[in-house]
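Asker: what follows is a predicted protein model with its sequence.
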Amino acid sequence: MLFNSFIFIFLFLPIVFSGYFLLNHFKKYQLSIYWLALGSLFFYGYFEPKYLILITISISINYFIGSLMNRTERKDKKRILLTIGILFNVSLLGYYKYADFFISNTNNVLGTNFNLLHLILPLGLSFITFQKIAYLVDTFRGETRDYKFSTFALFATFFPQLIAGPIVHHKEIIPQFEEEKNKHISFDNVSKGIFIFLIGLTKKVVIADTVAIWANDGFQNYQNLTFLESWITSLSYTTQLYFDFSGYCDMAIGLALLFNIKLPTNFHSPYKSRNIQDFWKKWHMTLGRFLTQYIYIPFGGNRKGAARTYFNLFIVFFISGFWHGAGWTFILWGTLHGLASILVRLWGKTSIQLPYCFSWFITFQFVNVAWIYFRASTIGQANTMISKMFNPNWEEFRNFFSHPVRHFSQSIPYKIGTLTLDNPKLIILSLFILLVIAFFTKNSIQRLENFTYKWSNIIVCQVMLILVLVSIFYMQKNSIFLYFNF
């Protein structure tokens, strides 16, 4: 079940919302927790029912290990339990996400012929794994309480952030479930939630899914792309990923607000960043928080000298790349960001201050090129596209706007007015406008902070809803979020 599907918006969400607050109204607080947890499990099981068993086992074992740690005073026993818990979570993720990767590479290196398992990664398992590890580590440190199983289960399955984050801490979510005032409908939170949910829905359905057509066509025909077509493809994917992921984050925040739960900000205009460090403070912020608190700092952070600091930075980004996907393209993407972060630290030791626009331009172009490895199915495919991007054909500029973009075959059936989506003028203008929005306008979090219930905002919400409905019906767009794959 997708946030951008009719069955979610018009059936699942109203039923779960009504049932939750109805039970709270009659002071059936414990039942309301179970109701929301079961609704979240139904939401998860709608994608693939058999993985309900997996997530239920994961929740039960992590809760059991956490409870044992809370009940023992001995540090050595706690350390053993923590080790068992981390191994369990990592092994679960490793089996489903990385088994075929290791088997394939073993066959290539050693010339063996082990059969691939062809496992399907359960949705959200990467996010669930990090969330549970953080809980167990905090329990080892004595930073958790012995929560009720129902409350812990809701924390682990809360549907707005279950599949693709944000990666939340128990201490910022569980107290909100237990707070008395949050058990009653808040008109302010509902209006804010609907507002930012519609912004996210518009980003996803109207913008990201449209730009995806150009990105997908380009990557499918990468060998035949020209210089300009390669840049269109890379910028299309860069734009798609921006609006797809920020759209999901907006929708997750909006859905949680309906239930009076405030999720942490996970996305804050990363394409405005002047360097890679700044970029990672604004892109997938809760992932960066997890990697910093549970990997970078325990490894020594910046406390053990410059060489160790650079090594720790590299390890963090290597893990980030591998966490995103079981493939060498993801590892290379993470490695590139790790090296760039080290370079930024080294540059910071000099007294040279780059002009704002120049440092921003370099940062964005690095991010744009690195995304190609993130999207490509092989390193060879990515290298081919990048080489085309830096091999200009000046003759192409003369005739580019005089005919449709040749290799964007899937774009032809779709039209905006009299223009088809393979029209170069429409493509260039659309990408320009969308990137200007990403570079210069207020983001949705800033708009939410300034939100007030007034007629202008009601009209904006209605316009966004109309755009979404037209886009779904007219262009038959109902795709999954990109981060569902990770």
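Answerer: Great, that's in hand.
Asker: for residue 233, which residues are in contact?
Answerer: Counting by C-beta atoms under 8 Å, 6 or more residues apart in numbering, residue 233 touches 214, 215, 217, 218, 219, 222, 225, 385. (Each C-beta comes from the backbone N, C-alpha and C, glycine too.)
Asker: I meant to write residue 359 there.
Answerer: Contacts of residue 359 were listed using C-beta under 8 Å, 6+ apart, and they are 274, 275.
Asker: for this structure, which segments count as strands?
Answerer: Using DSSP state E, the strands of the chain run over residues 415-416, 419-420.
Asker: comparing those by mean pLDDT, which bottoms out?
Answerer: Mean pLDDT per stretch puts strand 415-416 lowest among the strands of the chain, at a mean of 60.
Asker: the residue nearest to residue 112 when sequence neighbours are not counted - how many residues pack around it?
Answerer: Nearest residue to residue 112, sequence neighbours excluded (C-beta to C-beta, 6 or more residues apart in numbering): residue 106, at 5.9 Å. Residue 106: 12 surrounding residues under other C-beta atoms under 10 Å.
Asker: got it, and residue 298?
Answerer: Neighbour number of residue 298 under other C-beta under 10 Å is 11.
Asker: output the lowest mean pLDDT helix or strand found in this protein.
Answerer: Here the helix or strand of the chain ranked lowest by mean pLDDT, DSSP states H and E is strand 415-416, holding a mean of 60.
Asker: just how off-centre is the helix ranked longest in the chain within its chain?
Answerer: Longest helix in the chain, counting residues (DSSP state H): helix 227-258. A distance of 10 Å separates the centroid of the chain from that of helix 227-258, by C-alpha atoms, centre = their mean, to the nearest Å.
Asker: how near is residue 96 to residue 331?
Answerer: As judged by C-beta to C-beta, to the nearest Å, residue 96 and residue 331 stand 18 Å apart.
Asker: wait, residue 307
Answerer: 22 Å.
Asker: who has more neighbours, these two?
Answerer: Legend: neighbour count by other C-beta under 10 Å for residue 307 and residue 331, higher for residue 331 (21 against 8).
Asker: which residues touch the closest residue to the more buried one other than its chain neighbours?
Answerer: Residue nearest to residue 331 in three dimensions, not counting chain neighbours: residue 321, with 5.0 Å by C-beta to C-beta, 6+ apart. With contacts defined as C-beta under 8 Å, 6+ apart, residue 321 is in contact with 330, 331, 332, 333, 334, 335, 337, 338.
Asker: the residue nearest to residue 273 when sequence neighbours are not counted: neighbour count?
Answerer: Excluding the flanking residues, the one nearest residue 273 by C-beta to C-beta, 6+ apart is residue 279, at 4.0 Å. Neighbourhood size, residue 279 [other C-beta under 10 Å]: 22.
Asker: could we number from 9 for the rest of this?
Answerer: New numbering, starting at 9: the last item is residue 287.
Asker: who are the contact partners of residue 287?
Answerer: Contacts of residue 287 by C-beta under 8 Å, 6+ apart are 278, 281, 371, 375.
Asker: need the pLDDT of it.
Answerer: For residue 287, pLDDT reads 96.
Asker: one more: residue 130?
Answerer: At residue 130, pLDDT is 86.
Asker: go on, residue 479?
Answerer: 59.
Asker: the one 10 residues further on too?
Answerer: Looking at residue 489, its pLDDT is 75.
Asker: likewise for residue 157?
Answerer: Value listed for residue 157 in the pLDDT field: 92.
Asker: ok, it touching residue 70?
Answerer: No - in this structure, residue 157 is not within contact of residue 70 by C-beta atoms under 8 Å, at 10.9 Å.
Asker: okay, the two: which has more neighbours?
Answerer: More neighbours surround residue 70 than the other of residue 157 and residue 70, with 23 against 14 (other C-beta under 10 Å).
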